[in-house]
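*Asks:* turn this into a structure:
(2 chains)
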Amino acid sequence: MNLKELKEEVKQALEDISDPKYLESLRIKYLGRKGEVTQILRSLSKKSLAERKKVGKEANQLKQELNHLFNKKLEELKMASDQQVGLDITQPGARVKIGHLHPLTQVENQIRKIFQDLNFSVLEGPEVESSHNNFDALNIPADHPARDMWDTFWLKDFDNLLLRTHTSPMQVRYMRENKPPFQIIVPGRVFRYEATDASHEINFYQFEGLMVGDDVSLANFKYIVGEFFKRFFNKEVKIRFRPSYFPFTEPSVEVDIQIPGKKDWLEVMGAGLVHPNVLKAVGYNPKHYQGFAFGGGVDRLAMLKYGIDDVRLFYSGDVRFVQQF
Amino acid sequence: MKFSYQVLKQLIPKIGKPAEVAEQLTMHLFESEAVDSKTLDIEILPNRYSDAASYWGLAQEIQAISGQQFNCPAIKAPKSAVNKSFEVLIKKPKLCRRMAAQYFADVKIGPSPKWLKDALEAVGQQSINNLVDLTNYVTLETGQPLHVFDFDKLEGGVLQVRSAKAGEKVTSLENKTYELNNEDLVLADAKNALDIAGIKGGQKAEIDGNTKNILLTAGNFDGVSVYRTSRKINLVTDASARFAHHISPELIDLGVGRAAELIKEVCKAKVGTLIDVYNKKQKPVILKFNIDKFNQLSGLHLKEDQALASLKRLGFFVEGQQVTSPMVRTDIEIFEDLVEEVTRLHGYDNLEAKAPHLVLRASEHEDQIKLKEGVRNILTGFNMDEVYNYSFVPEHFDEEAPQLKNPISNQLNSLRSSLVFNLDKNIQDNLRFFNRVAIFEIGKTFYKEKKTIKERLMLGMAIGDAKQVTFFELKGLVSELLSRLGLVDYFMKEEKPDRLRIESEHHVLGYVYLQNKGQVSFAELDLDSLLPLLQGEMSYTPLSKYPTIMRDVSLLVPQEIRFATILSLIQKTASKNLQDVDLIDFYEDKKFSKGNRSLTLRLVFLARNKTLTDKEVDREMNKINDILVNELGVDIR
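*Replies:* Numbers count the residues shown, from 1 in each chain, chains lettered A, B, ... in the order given. Model prediction:
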């Protein structure tokens, strides 16, 4: 058999093979120590120099070629077998280990983002406040039942200090330092001295909004609050105002929303036009400036958004709860 | 506050069904609910007790809202038929603006007629007798609290409004005794206190089965005084709630006139002398109505006559642009109050949303808020979960921390001076469900400074593991966090064997420390101090064209030698080609002599300008090894 015939024979044999075991025996048959190509190379010692040169070169070339063919076949067989019995790609993907933001953070982030899109600036304020900023400057009289709307934690040894009962003192702080026009949003922790239950906590989060200018009206507030809730729930949420009373706004309203598909109106915000007494308390002339203020509960919105029925879960430190968000 | 639907229906014959009335009131006045077919529950707002916490006040509103006719009973105060001599004295005119008292003779006390019983039962009040029921009913009708005394029990024919004496006692109709002092106001006869003014009637001149002649009284007491006394003795009554909300002294005309009429009719009494002491007469509030200003504030587009018509419906007297508010409307003080009246009556549903015009200026986020957001994003990326805890901790956690005057419980009587107390608790709680817990919290902590209380924005981090040491993991996370936030220059100093102090530019930024042999570890960082130190910008170092060479070296280190010492010695000794030193393995073995431990370090070498040869690196390694052996007495293994 000449080399050319040998090559064809091997090629043919390779084509028929489908099991790597046979591939190996075939390799031994041709390329092993006693294999046919090896035999040819060995037999060369008995040949003339010229023949040795010619056949030797060809045989070596053949050996290389065959090696290449065997390797290629081996790869093919491997790939085929992988596809047959290998990875079960329907197994679950590897779990990504990543931490979870607290739901109140997520809701606050969303609130900040929406108001930033509406051109509001965002700032925060202190949690320990003076009774002046928390009450007096907001037109909430001392020794009046109106003050009972805010059950207050007072600090020992500091007569006029309290834990702020709302974010509204930041209206006073901000307006004392800044001139209109402006629009701001102030998220933050507030405190109430009351028994806790599924809908009451001793600390919780609010966001305060304030927009003041030459002619900022209640109708403007209706636009802003409508845009906010539409974006927050990502739905056409219905809004309604109801009369209310807050000493630091006049007129005062409650804002109710109705989420599509739901029957009930939900009370979500208190609001109104900034009371002239508050404008005066911060050194503004109420003849020149007017605007609206509003306050909403971050916890309440988070509860509505995620269907949480107990506000105390937010402050439980329970990782099983946080990891759901 | 509960109101009888039937009583309202008598006043407004064409009134809607209870649910409709509740809806109208909710949208135009107060949040209201129809409890059943007989009773409405109406939440009177704090500024409307004077005029609207009554049937007549509500009927006025319903008429204005719905247009249904309110037949207000004209008060036909009966003429006095019996002359009786007695005195009414106001000793504290600042605390009592007006006091009226009327004598009635031959009062027939007995059961109440059905209409009266029904009216009271609908609002949850028990019928007592016709006289007491009438005073309660007239209070509901008019909004003026009333009280009757047995005239024959009054000493000296005197009714006086005076301060209580120190320690003076009043025993209530329910047989509870209250001790008062001179800050409290009482009604008294010539000798004794009869009741706590504006709050509660006493036993002294109580009506009983033998009562024949009575004194009907109606006062107007200072709201602040009533509020304080009521809080002090912890007694809130219907009357005290009304006075505390500053009701109008003009209500006395309605209350006394209406009660006289009914006492005459129902108790068949003879009407006697009326004494009315009214020291500082209430002045009407007159405001100018400016329709342009109204439209500018509300955003509505009403015409002047439309707006003024609304005010007229509410009982305001309008003359041109001058608007006089009804005397009972003590809430009306300024023009903006009129804006509310017109807008709510017109209906907030009719207010169209309008985008504000504004000058566009870039909106901003305070730096602290951006820092918090950055920290949160980094730490969740590190597989840490965020928790929120109370701002309150028990006093024993830190006795120096600010405390509450009125804590909700002993366990929550202090403000937190650190986030760690609660994080520690969180770790323990959560380890019941997980083998490993990694959490963080961002929040305010509090401390006293001089005469005030200061706040600090803190970040607390904690990792707990049921089995493994977490300290080094947390330490690594803190370092990576600081570098990602852009803190360039800082170091961690061993302050105590279990606590590292993080410092930068002479500021203490926080601590990393361990508990329970390092299975629970905590870090706390002062974000307020960190904020100004952050540089933020990263910068690029050109990539080296040359390969790095690594060498591992294992050291047997005596107990007292700290890693930090080894590291700084290596860094001092090595050339600038030493890029990095890593601790890649650490273990302790009983086979080692006491306290010794094995550390394997990986040193990475790189030159900026050439390929380092093995020889050069070996030379460097030898130098380092020699120094470590000679200066620190470690063994190279």
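*Asks:* residues contacting A:A281?
*Replies:* By Cβ atoms under 8 Å, 6 or more residues apart in numbering or on different chains, the contact set of A:A281 is A:D136, A:A137, A:L138, A:N139, A:V172. Every residue, glycine included, has its C-beta placed from N, CA and C.
*Asks:* how about 6 Å then?
*Replies:* Neighbouring residues of A:A281 by Cβ atoms under 6 Å, 6 or more residues apart in numbering or on different chains: A:A137.
*Asks:* B:A462: what secondary structure?
*Replies:* Recorded secondary structure, B:A462: strand (DSSP: H, G, I helix; E, B strand; the rest coil).
*Asks:* roughly how far apart are it and B:V375?
*Replies:* The gap separating B:A462 from B:V375 is 15 Å, by Cβ to Cβ, to the nearest Å.
*Asks:* quick one: which of those two has more around it?
*Replies:* B:A462 (27 against 21; other Cβ atoms under 10 Å in any protein chain shown).
*Asks:* now do the phi/psi pair for B:I453.
*Replies:* Dihedral pair for B:I453: phi -120, psi 130, per degrees, to the nearest 10.
*Asks:* show me where the stretch 351-500 of chain B has strands.
*Replies:* Assigned by DSSP state E, counting those that start in this stretch, the strands in the stretch 351-500 of chain B fall at B:385-386, B:392-393, B:414-415, B:436-449, B:452-465, B:491-496, B:499-504.
*Asks:* identify the residue spatially nearest to the closest residue to chain A within the stretch 251-400 of chain B, adjacent ones excluded.
*Replies:* Proximity to chain A, evaluated over the stretch 251-400 of chain B using Cβ to the nearest Cβ, is greatest for B:G299 at 2.4 Å. Spatial nearest neighbour of B:G299, chain neighbours left out: A:A219 (2.4 Å); criterion: Cβ to Cβ, 6 or more residues apart in numbering or on different chains.
*Asks:* now B:I332
*Replies:* Among residues not flanking B:I332 along the chain, B:S325 sits closest, at 4.0 Å (Cβ to Cβ, 6+ apart).
*Asks:* again, but for B:A34
*Replies:* Of all residues not flanking B:A34 in the chain, B:P18 sits nearest, at 3.6 Å (Cβ to Cβ, 6+ apart).
*Asks:* what's the burial count for that neighbour?
*Replies:* For B:P18, using other Cβ under 10 Å, the count is 20.
*Asks:* surely it touches B:Q6?
*Replies:* No: if you go by Cβ atoms under 6 Å, B:P18 and B:Q6 don't touch, sitting 10.1 Å apart.
*Asks:* the helices in the stretch 151-300 of chain A, which residues?
*Replies:* A:169-177, A:218-233, A:276-281, A:298-306 (DSSP state H, counting those that start in this stretch).
*Asks:* of all the ones you listed, which one is nearest B:A101?
*Replies:* Closest approach to B:A101 among the helices of the stretch 151-300 of chain A is made by helix A:276-281 (37.5 Å; Cβ to Cβ).
*Asks:* tell me who's in contact with the residue nearest to B:A34.
*Replies:* Contacts for B:P18 (Cβ under 6 Å, 6+ apart) come out as B:Y5, B:A34, B:S37.
*Asks:* now do the domain split for the chain, please.
*Replies:* All of this refers to chain A. Per the record, chain A has its domains at A:3-85, A:103-322, by automatic domain parsing.
*Asks:* oops, I was thinking of chain B
*Replies:* In terms of domains, chain B is parsed into B:2-66, B:87-278, B:286-348, B:367-533, B:549-636 (source: automatic domain parsing).
*Asks:* next, format those as a markdown table and append mean pLDDT.
*Replies:* As requested, those are exported to a markdown table (pLDDT from 0 to 100):
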| stretch | mean pLDDT |
| --- | --- |
| domain B:2-66 | 96 |
| domain B:87-278 | 95 |
| domain B:286-348 | 96 |
| domain B:367-533 | 94 |
| domain B:549-636 | 88 |
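*Asks:* what's around the one residue in the stretch 151-300 of chain A that gets nearest to chain B, how many residues?
*Replies:* Chain B sits closest to A:A219 of the stretch 151-300 of chain A, with a gap of 2.4 Å, by Cβ to the nearest Cβ. Neighbours of A:A219 under the rule other Cβ under 10 Å: 20.
*Asks:* next one: B:N234
*Replies:* 7.
*Asks:* please report how far it lies from B:E183.
*Replies:* B:N234 is 15 Å from B:E183, where distance means Cβ to Cβ.
*Asks:* for the stretch 151-300 of chain B, which residues are neighbours of chain A?
*Replies:* When proximity is defined by Cβ under 6 Å from any Cβ of the partner chain, the stretch 151-300 of chain B lies next to chain A at B:V224, B:Y227, B:R228, B:A244, B:H245, B:Q296, B:L297, B:S298, B:G299.
*Asks:* out of those, who's the most crowded?
*Replies:* When neighbours are counted by other Cβ under 10 Å, B:A244 leads those with 29 neighbours.
*Asks:* name the nearest residue to it, sequence neighbours excluded.
*Replies:* Nearest non-adjacent residue to B:A244, counting by Cβ to Cβ, 6+ apart: B:Y227, 4.0 Å away.
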